[in-house]
Every structure is written in structure tokens, then in C-alpha cells.
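Engineer: Mind looking at a prediction? Sequence and model below.
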Amino acid sequence: MINKIVDSYAAAVADIRDGAVVAVGGFGEVGMPTELLHALIEQGAKDLTVIANNAGVGHTGLAALMEAGRIRKIICSFPRSGGSVVFEKMYAAGKLELELVPQGTLAERLRAAGAGIPAFYTPTGVGTKLAHGKEVREIDGKEYVLERALPADVALIRVWQADRWGNATFMLSGRNFAHPMAMAARQTIAMAHGITELGTLDPDHVHLPGIFVHRVVALDAPDRRSHYP
């Protein structure tokens, strides 16, 4: 019997290794898998490369993982968004590497990784510092920069509902980058607001098929982190 549900956040992130590339869903705080990130702090993995749209908000979730000194590099589109106080402090101190990627390019690099496409050409970034050191090719009289796929070892995402096979739905903008991240990762861990019985999700409303999800943990798992501000 296939059952991808685990009973704790600790169990969900137990085997994330030092040096892993971790894709973290969320658009600012919307869709951020905060409890999974707090569990990862306690798990102890370090020297991580994180792929995310933003560089954390306040002192919780991704910002807390960063503040704990566990992230070596972040690949993102908007590092200096509202409330990104931890990123700004650590980057200014030289404690964090940054790879800046345009938002559409970030989404496509993740999608390409999930689709088995090693690289693609895009006009975005041509003639800017973001194209420095990258191949630029002229196609039909227009210049394009070569961007490589962005695979991850692990994706941490937040979903609305999931069943024991890992089929999942999202709520509105909570979907954000979670779908391409799940496709791009070797292992996807989904934190679900609700666990539903197998067969109760309308197939037409399954936003993320279970084939892309490896573990599911309920938002109200017994070890839900509550001692972070």
C-alpha cells in the first residue's frame, strides 16, 4: 500500500544532507513551508544552497534558516523585498552568496529541470550584468542568453490538501513556484493544511500529481514548531 504520509516534521526532513540544493516554495510569506524550515534548523543540515523567489521575511521560516547560518548560497529573484532584514545583514557581512535570477527565468529553469531540458535561450538579461559569463547567441536577428536548468535535491512546499499517494491541491496564489520546484527536485516534501481520504480529490482539481511528491506531513503534526517568533 502506497502511503507517503509521515507523522512528524522531523521525520519529513530527517535525511536532508549537508550541502544539499533545497528549493523552497513561497511568494514572500504566501505558500512558505515555515514549519518544514524550522524542522530543518533543528535537523542540523548546513552549507545549503537554497532556491526561492524571495530571501525570507522577518526572522521566521527561510529567514530563520539563514540566520542560523545554514545557508551558503541563495538563488532568487527578489532578495531585497519587504522584511528581508536577515538577508541584507548577512549579505553585507559577506556570509551569504547570491545568484540573482529574473523571476520568469527562475520559473523556466526549474521547469526545464523537471522536463529534462538541460538549457534554453531567453532574451531576458541580454546586455546586463546577469548575462556576464554566459553564452549569447543571435537567432533570427535577436540576441538570446543561454540559461541552464536548475535541478534541486529537495523541494519543500506547502499545499492545501493532499492524499496518501501525494496528490495535492493548492489554494490560490499558494501554488506560486511549488509545482515547477516539485518537478525539478529529486525528492519533494509537502506540508499539507489537510490530509484527505484517497479518492476524494477531484482528478480535474489535482494541481500536483503524487508522482512528484515523496512525503506528506500534516500542518498540525505533533511536533509543529511553535517556539520561533
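Structural biologist: Here it is on my side, so go on. All of these numbers come straight from a predicted model, not from anything done at the bench. Numbers count the residues shown, from 1 in each chain.

Engineer: and residue 85, what does it touch?
Structural biologist: By CB atoms under 8 Å, 6 or more residues apart in numbering, residue 85 lies in contact with 58, 59, 63. Heads up, the C-betas are built off the backbone N, CA and C, glycines and all.

Engineer: where does the nearest residue to residue 165 once chain neighbours are set aside land on pLDDT?
Structural biologist: For residue 165, ignoring the flanking residues on the chain, the nearest one in space by CB to CB, 6 or more residues apart in numbering is residue 210 at 4.0 Å. Each residue has a pLDDT score; the one for residue 210 is 96.

Engineer: Residue 210: how many residues sit nearby?
Structural biologist: Neighbourhood size, residue 210 [other CB atoms under 10 Å]: 21.

Engineer: Ramachandran coordinates for it?
Structural biologist: Dihedral pair for residue 210: phi -60, psi -20, per degrees, to the nearest 10.

Engineer: go on, residue 105?
Structural biologist: According to degrees, to the nearest 10, residue 105 has phi -70, psi -40.

Engineer: hang on, the earlier thing: got the contacts of residue 85 as JSON lines, with pLDDT and neighbour count columns?
Structural biologist: Listed next are the contacts of residue 85 as JSON lines, based on pLDDT from 0 to 100; neighbours: other CB atoms under 10 Å:
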{"residue": "58", "pLDDT": "84", "neighbour count": "16"}
{"residue": "59", "pLDDT": "89", "neighbour count": "14"}
{"residue": "63", "pLDDT": "93", "neighbour count": "24"}
